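Student: Below are the sequence and a predicted model; questions follow.
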Amino acid sequence: MMAWYTANAVVVQATMTTLLLALSIQLPLRVGVFSFAGVGCFGIGGYTAAILYTKFDVDTWPAVALGTLLAGGLCYLLGLIIHKLSGLYLGMATIAFSLIVAVAATNGGSLTGGASGIFGALGGITNLHVLLLLALVVAGLAISEYGRFGRMIDTVREDPELAAALGINVGRYRKLTFLASGLIGGLAGAVTTLLRSTITPAEVNFHMVVVALTVIIIGGSSSWLGALIGAIVITWLPTVLSFVADWESIIYGFLVALAAIFLPGGVLGLAKDLIHRWRARRRPTPPAPPASEAEKIPGGEPSSPATERSLASTQGGTS
Amino acid sequence: MQELLNTLTLGSIYLLFALGMALAWSTIGILNFAHGAIFVFSAFSAHIISEHVALSMPVLILISVLVGAAMSALTQWLAFEQILKRSTNHRSAEMRVLIGGIGVAAIPIAIVDKATASAPFGFANSTYKTEVYESMGLRMTNTSLIVIITGVGIAVALTLWLRASRRGLGLRAIGVDSETASLMGVNRTAMALGTMAIAGGLAGLAGALQVFQLQAMGVATGDQLLIKAFAMIVLGGLGSMAGVIFGAFALAGAETLIFAAKLGTWVDAVSFGLIFLVLLVRPQGIFGRQEVRRT
């Protein structure tokens, strides 16, 4: 076990940082906010931490904390301005925000190191620290997926009008999503930068949006578990199959396109679907199922049985 | 004056690229994120063929246009049509089309990147020769003349076609309400395929002309242009072809001025900032009448 870990420490580390980045994009998608601002926040967090650490002699953890908070704060401000946009317009506005961060970093002069970025920002972060931070973030996200709160978020995503009619303050949720996504993205950026010791403007580009999206789409966007599956797949596939490393981008492109067409729920959605189907086959005629159980049987809507169920229970709970 | 000429040339290439994207988005409702990849790949195909045979300019352009049209139609048929068939509501379909487009775009870009080892490519072996005309202190090449005439001509022709022809009417009807349009006898699937082929052909044309104009093209050009084109369409207003023409030349003008002021590294911030500003101040764009859906 230890030998395996020392041999693969770098890949484990990459899996964890990729997962953090993906989570910052996945959370808004789960609330129905089509935002890629997490990538820009990755840049803000990474640059802030690196500048503080190398130029102002701030310690590792205060630098990470400040980077995270600044990214979260700026992302919240962004949310205040643009939370009313919807769909594609919001998506493109947030992509533009992320790319503006890169342009600003390129033109930051000696502070950001221009096009060549910042070097030598090797902070005292170990993989164990990253694991603990990740556990904290995942715990927070997992809480937001279950029970009453989880159902509220599902409703805000699937039907904002219904959510507003049920007394959920949709606008506030959308704005808070920006804050949370910015904090996670900033944390991902700060930790990744101080682990790898460098950050360049070229990293904060469209490619990073694509990587984060690949992770989420392959794994599944409905739960942090999906992002974990996706992060493991895209960081480990090249190490297991060497031909994948040669044709990485092409294979990911195919996977994303196929997942977008055939598996909108990702691998996680497929697994959930299969489990439901298997259970339904084991009990062909459930004796007088209660109303909420009846919804569980797939058939009508194979793509989103989970949301239908939660919508039904939210309505039932409040009326 | 020289700035104005540069604006016209740059704007015409922007225009050709953005026209295809705007046409597909405003009528059949598909924002094709693979448009930039098609632009790069069709120019690259012409480059590959020109390495083996010395070809003239029209032939190279024709190759690029055909490759672009074929790629775009294939993407529509194999990816977007399948997504639309499988989606339950409009919002999730929009998102899945965007993501599917990003996935599709990664494939040709990765192929070009691998084949060229990330180096820019051009049409070195073509029989076309650039000539420079100078008069009254103005510098002008025959390439930019061709680019301007093609760009403006096609934009005007497409706008008129969409406004006056029966097919254009059908296409606009799909944009307003695709269900009612199909009840009126508009074949949505065939129209969508045709529209995407035209859009791809325009991307191929823009690609080939860009290579002739700048002598070379880098792999990353496609993604940048895609976001710029989005800025142009949003600025002009989705659904208005005149808006796209205005948006393309306005953005080209702003970028030329920034270059003239020696602030070259800020040039990308113009389009990104523009997207922001327009969406906040006037989300329907300058010429747009359609209100942006807001929830």
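Tutor: It's in.
Student: quick one: pLDDT of the closest residue to chain B within the stretch 1-150 of chain A?
Tutor: Going by Cβ to the nearest Cβ, chain B is nearest to A:A96 of the stretch 1-150 of chain A, at 4.0 Å. Quick note: C-beta positions are derived from backbone N, CA and C, even for glycine. Model confidence at A:A96, expressed as pLDDT, equals 87.
Student: in terms of contact, does B:Y128 touch B:M57 like I think?
Tutor: Yes. Applying Cβ atoms under 8 Å, one finds B:Y128 in contact with B:M57, separated by 4.2 Å.
Student: For the helix or strand where A:V138 lies, which residues meet the burial criterion?
Tutor: Assessed by DSSP states H and E, A:V138 sits inside helix A:127-143. For helix A:127-143, the neighbour count (16 or more other Cβ atoms under 10 Å in any protein chain shown) marks A:H129, A:V130, A:L133, A:L134, A:V137, A:V138, A:L141 as buried.
Student: Repeat that for stretch A:246-263.
Tutor: By 16+ other Cβ under 10 Å, the buried positions in stretch A:246-263 come out as A:247, A:249-253, A:255-257, A:259-261, A:263.
Student: among those, which are in helices?
Tutor: A:S249, A:I250, A:I251, A:Y252, A:G253, A:L255, A:V256, A:A257, A:A259, A:A260, A:I261 (DSSP state H).
Student: quick one: the fifth one and B:D113 touch, right?
Tutor: No. Between A:G253 and B:D113 no contact is recorded; they are 11.6 Å apart, counting by Cβ under 8 Å.
Student: for chain A, where's the lowest mean pLDDT among helices and strands?
Tutor: Least confident helix or strand of chain A, by mean pLDDT, DSSP states H and E, is helix A:305-318 with a mean of 44.
Student: coming back round to it: need the ones in helices among the buried residues of stretch A:246-263 in a markdown table with pLDDT, can you?
Tutor: Shown next, in a markdown table, are these (pLDDT from 0 to 100):
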| residue | pLDDT |
| --- | --- |
| A:S249 | 79 |
| A:I250 | 85 |
| A:I251 | 84 |
| A:Y252 | 82 |
| A:G253 | 85 |
| A:L255 | 85 |
| A:V256 | 86 |
| A:A257 | 89 |
| A:A259 | 87 |
| A:A260 | 86 |
| A:I261 | 87 |
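Student: What residues does the stretch 151-300 of chain A have near chain B?
Tutor: The interface of the stretch 151-300 of chain A toward chain B, taken as Cβ under 8 Å from any Cβ of the partner chain, is made up of A:160-161, A:170, A:206, A:209-210, A:213-214, A:217, A:247-250, A:252-262, A:264.
Student: rerun that using 6 Å as the cut-off
Tutor: Within the stretch 151-300 of chain A, the positions near chain B by Cβ under 6 Å from any Cβ of the partner chain are A:P160, A:F206, A:V210, A:I217, A:S249, A:I250, A:G253, A:V256, A:A257, A:A260, A:I261.
Student: Which pair in those has the greatest spatial separation?
Tutor: The largest separation in these, counting by Cβ to Cβ, is between A:P160 and A:I250 at 37.4 Å.
Student: for the residue lying farthest from the centre of chain B, what are its contacts?
Tutor: What lies farthest from the middle of chain B is B:M136; by Cα atoms, centre = their mean that is 33.3 Å. By Cβ atoms under 6 Å, 6 or more residues apart in numbering or on different chains, the contact list for B:M136 is empty.
Student: do the same with B:F212
Tutor: So B:F212 contacts B:T143 (Cβ under 6 Å, 6+ apart).
Student: how does it look with 7 Å?
Tutor: B:M57, B:F123, B:Y128, B:T143 (Cβ atoms under 7 Å, 6 or more residues apart in numbering or on different chains).
Student: Now tabulate the buried residues of helix A:127-143 in a markdown table and tack on pLDDT.
Tutor: Formatted as a markdown table, the buried residues of helix A:127-143 follow (pLDDT from 0 to 100):
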| residue | pLDDT |
| --- | --- |
| A:H129 | 85 |
| A:V130 | 85 |
| A:L133 | 89 |
| A:L134 | 90 |
| A:V137 | 90 |
| A:V138 | 90 |
| A:L141 | 89 |
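Student: Can you pull out the low-pLDDT segments for the chain?
Tutor: Looking at chain A here, since you left the chain open. A:244, A:284-319 (pLDDT under 70).
Student: wait, chain B
Tutor: Low-confidence segments of chain B (pLDDT under 70): B:289-295.
Student: what ranges do the strands span in it?
Tutor: All strands of chain B, identified by DSSP state E, fall at B:132-135, B:138-141.
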